[in-house]
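In: Show me how the following folds:
(one chain, ligands or ions: 2)
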Amino acid sequence: MARGSVSIVVERCKACGFCVEFCPSKVLALSSAFNSKGYHPPHAVTPEKCSGCDLCGMYCPDFAIHGFRTDKPAAKSETEKEPDDAC
Ligand code: SF4
Ligand code: SF4
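Out: Numbers count the residues shown, from 1 in each chain. Ligands and ions are numbered 1, 2, ... in the order given. Predicted structure coming up:
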């Protein structure tokens, strides 16, 4: 399953709420904390649900948030067999 993470630049946020509204996985909510401009930036309330789709980043008018994929190829423990052709 695709996994992702979301990065928030708190000081750029103007608390429009677009990212909260449009996140398909309902990862985000506006925080009760203030940034230095007096806005409530979002925070991830269910970060484990983030797919890294970056819809939040596409909707944010202030480039204050972006999502990214963190899924790595399944950790295959394929230990390569060393060729043993010592002819
Ligand atoms: S869309 Fe951007 S400016 Fe609006 S609340 Fe989210 S992070 Fe803040
Ligand atoms: S990257 Fe996608 S799933 Fe993650 S917080 Fe942003 S909109 Fe939601």
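In: tally of neighbours for the residue in the chain that ligand 2 sits nearest to?
Out: Closest contact between the chain and ligand 2, by CB to the nearest ligand atom, is at residue 67 (2.1 Å). To be clear about C-beta, it is placed using only N, CA and C from the backbone, and glycine gets the same treatment. Burial measure for residue 67: 24 neighbouring residues, criterion other CB atoms under 10 Å.
In: show me what contacts the closest residue to it other than its chain neighbours?
Out: What sits nearest to residue 67 in space, not counting adjacent residues and going by CB to CB, 6 or more residues apart in numbering, is residue 54, at 4.1 Å. The contact partners of residue 54, taken as CB atoms under 8 Å, 6 or more residues apart in numbering, are 66, 67, 68.
In: Near ligand 2, which residues of this protein? Just list them.
Out: 4, 6, 23, 25, 27-28, 50-56, 67 (CB under 6 Å from any ligand atom).
In: 8 Å instead?
Out: 4-6, 19, 22-28, 44, 49-57, 65-68 (CB under 8 Å from any ligand atom).
In: Just the buried residues of those residues.
Out: If you count burial by 16 or more other CB atoms under 10 Å, the buried members of the residues of the chain next to ligand 2 come out as 4-6, 19, 23, 25, 27-28, 44, 50-51, 53-54, 56-57, 65-67.
In: in the chain, which spans are strands?
Out: 4-8, 28-30, 42-44, 65-69 (DSSP state E).
In: do the last one and ligand 1 meet at all?
Out: Which is strand 65-69. Yes: using CB under 8 Å from any ligand atom, strand 65-69 reaches ligand 1 at residue 65.
In: So which elements touch that strand?
Out: strand 4-8, helix 55-59 (3 or more CB pairs under 8 Å, 6 or more residues apart in numbering; DSSP states H and E).
In: and if you look at the third one?
Out: Under the contact criterion of 3+ CB pairs under 8 Å, 6+ apart, the helices and strands touching strand 42-44 comprise strand 4-8, strand 28-30.
In: what sits up against that strand?
Out: Against strand 42-44 from outside (CB under 8 Å, 6+ apart): 6, 8, 13, 17, 19-20, 27-31, 33, 50, 56, 65.
In: Right, I'll call it a day here.
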